[in-house]
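**Q** model this:
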Amino acid sequence: MLKTNTHSLTKDLVGNKLQCISCHLKGSDDKPGTASGIGTFVDTATAFPAYSKREKTVQTLQNRINNCFMRSMDGKRPIVDTEASIAMATYITWLSTGKTINLNEKRPCGPSNSERWAKNIKKFTKIQKKAKHTNYTNGKKLFTQKCISCHGVQGQGIASFPPLWGKDKTNHSLSYNTGAGMSKLNKGAAWVQSNMPLYQGDSLSNQEAADIMLYVNAQPRADFDLKKGLQTNNNMGYYNSKVLEEKHSVRSNFKALGLDIDKIRGDKKIK
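**A** A predicted model of the protein is given here:
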C-alpha cells in the first residue's frame, strides 16, 4: 500500500507514479487507509462481497482492489489469488478485525462512508452540471492557493506527494487515467472535499471542491479502454464482470455531465 509503484510484487502492474496511499491516506496510527475520510479502509472488508453497478456483478474485495490497478494506477490488473492480491486484501481485512459483517447490496463501499459517498456524488453532480469557464479559472486560482505546495504548478507532484496529471520524460502518464473514480468530476470533488487539503478535510466549500476538480480533471491524461487492456493482458486470469467494453477520455467525462470541455477551458482544445 505504501510502495505500490516500487515494490517488487506490484511495480510491474503500476503504469504511473501513484501508490495506494495516494488516495487511501494514513491515519493517526501512521497506517495506510486508516484516515477517516472518504477512501478509508477501516470497515471496508465487512461490506464484501458487494454489488458493483459498474461491473454489473457481485465483486469480492480482491476484485475491487485489483480493478483499481487498471484505472487509478493506469496499469495491469493483478491476478486474483496471487501473492500481491492476497496481501493487499489481507491488510484491508485486518483493519476490519472485530467488526460486524455488513454486506453492501448497493455499492462496493465500506459502511463508514457508503451513504456519505452516494449523497456527495449526487450533490456534486448537480453542481458540476452547471459549471462554466469562470469555474475553471476559479479552480485554477484555488489550485494555486491551496494545492501547488504539495502537487506542483504542473500537477507533477512534489517529493512524496502524488502527481495529479502530466507525463514523465519517457511520455508515461504520472497519474490516474480517465477510467478512475478520481477522473470523474463528481466523484473527484467528493473525495477532495473529504480529504484535502491534507488532514484539513471538510474545510473546502462545495463550490471550491467542485472548481478545483473541474480544473484538475480538465488537464490532459491517459484515456481508458477496458477492451484493449483485457486483450493485451493475457495473464490477467478470470475477470469477474459482465461489462467487457468501456472507454473514457477527458472529453467524454465532461460530456457525461453535459459539459463541453472546450468551452470550460476557454476554447483551448484538448483530446
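**Q** Ramachandran angles for His248?
**A** His248 adopts backbone torsions of phi -150, psi 150, taken as degrees, to the nearest 10.
**Q** Could you pull out the helices in this structure for me?
**A** 61-71, 83-94, 114-128, 133-146, 148-151, 185-195, 206-216, 226-232, 250-255, 261-264 (DSSP state H).
**Q** The last one: which residues count as buried?
**A** Residues 261, 264 are the ones in helix 261-264 that count as buried (16 or more other CB atoms under 10 Å). Backbone N, C-alpha and C define where each C-beta goes, glycine included.
**Q** Now do stretch 123-138: distance to the chain's middle.
**A** In terms of CA atoms, centre = their mean, to the nearest Å, the centre of stretch 123-138 is set 20 Å apart from its chain centre.
**Q** Export it to CSV, keeping only CA atoms.
**A** This file holds the C-alpha atoms of stretch 123-138, laid out as CSV (Å, rounded to 0.1, in the frame of the first residue of the first chain):
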residue,chain,number,x,y,z
LYS,A,123,-24.6,16.7,-4.7
PHE,A,124,-21.5,17.3,-6.8
THR,A,125,-23.3,16.0,-10.0
LYS,A,126,-25.8,18.9,-9.7
ILE,A,127,-23.0,21.4,-9.0
GLN,A,128,-20.7,20.3,-11.9
LYS,A,129,-23.5,20.2,-14.4
LYS,A,130,-23.7,24.0,-14.0
ALA,A,131,-20.0,24.6,-14.5
LYS,A,132,-18.7,27.4,-16.7
HIS,A,133,-15.4,28.7,-17.8
THR,A,134,-15.4,31.0,-14.7
ASN,A,135,-15.5,27.9,-12.5
TYR,A,136,-12.5,26.6,-14.4
THR,A,137,-10.5,29.8,-13.9
ASN,A,138,-11.5,29.9,-10.2
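**Q** do you know how far the residue of the chain most remote from its centre is from Pro32?
**A** Taking CA atoms, centre = their mean, the residue of the chain most remote from its mean C-alpha position is Gly98, at 27.8 Å. Per CB to CB, to the nearest Å, Gly98 is found 19 Å from Pro32.
**Q** cool, and Thr90?
**A** Thr90 is 13 Å from Pro32, by CB to CB.
**Q** Which of the helices and strands in the protein ranks last by mean pLDDT?
**A** Here the helix or strand of the chain ranked lowest by mean pLDDT, DSSP states H and E is helix 226-232, holding a mean of 74.
**Q** Show me the contact partners of it.
**A** Contacts to helix 226-232, defined as CB atoms under 8 Å, 6 or more residues apart in numbering, come from residues 70, 76-77, 179, 236, 239, 243-247.
**Q** Identify each buried residue in it, please.
**A** So helix 226-232, judged by 16+ other CB under 10 Å, has buried residues 226, 229-230.
**Q** circling back to that earlier point, could you dump the helices of the chain into a markdown table with distance to Phe48 added?
**A** Converted to a markdown table, those look like this (distance: least, CB to CB, whole Å):
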| stretch | distance to Phe48 |
| --- | --- |
| helix 61-71 | 4 |
| helix 83-94 | 9 |
| helix 114-128 | 12 |
| helix 133-146 | 34 |
| helix 148-151 | 31 |
| helix 185-195 | 20 |
| helix 206-216 | 27 |
| helix 226-232 | 22 |
| helix 250-255 | 27 |
| helix 261-264 | 35 |
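**Q** right, and the ones you listed - which one's nearest His7?
**A** Of all these, helix 83-94 sits nearest to His7, with 8.1 Å by CB to CB.
**Q** starting at the chain centroid, how far to the closest one?
**A** With CA atoms, centre = their mean as the basis, helix 83-94 stands 19 Å off its chain's centre.
**Q** and that helix, C-alpha only, in CSV?
**A** What follows is helix 83-94, C-alpha atoms only, in CSV (Å, rounded to 0.1, in the frame of the first residue of the first chain):
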residue,chain,number,x,y,z
GLU,A,83,0.7,-13.1,-3.6
ALA,A,84,0.2,-9.4,-4.2
SER,A,85,-3.6,-9.7,-4.5
ILE,A,86,-3.9,-11.8,-1.3
ALA,A,87,-1.5,-9.5,0.6
MET,A,88,-3.5,-6.3,-0.1
ALA,A,89,-6.8,-8.0,0.7
THR,A,90,-5.4,-9.4,3.9
TYR,A,91,-4.2,-6.0,5.1
ILE,A,92,-7.6,-4.4,4.4
THR,A,93,-9.4,-7.3,6.0
TRP,A,94,-7.2,-7.0,9.1
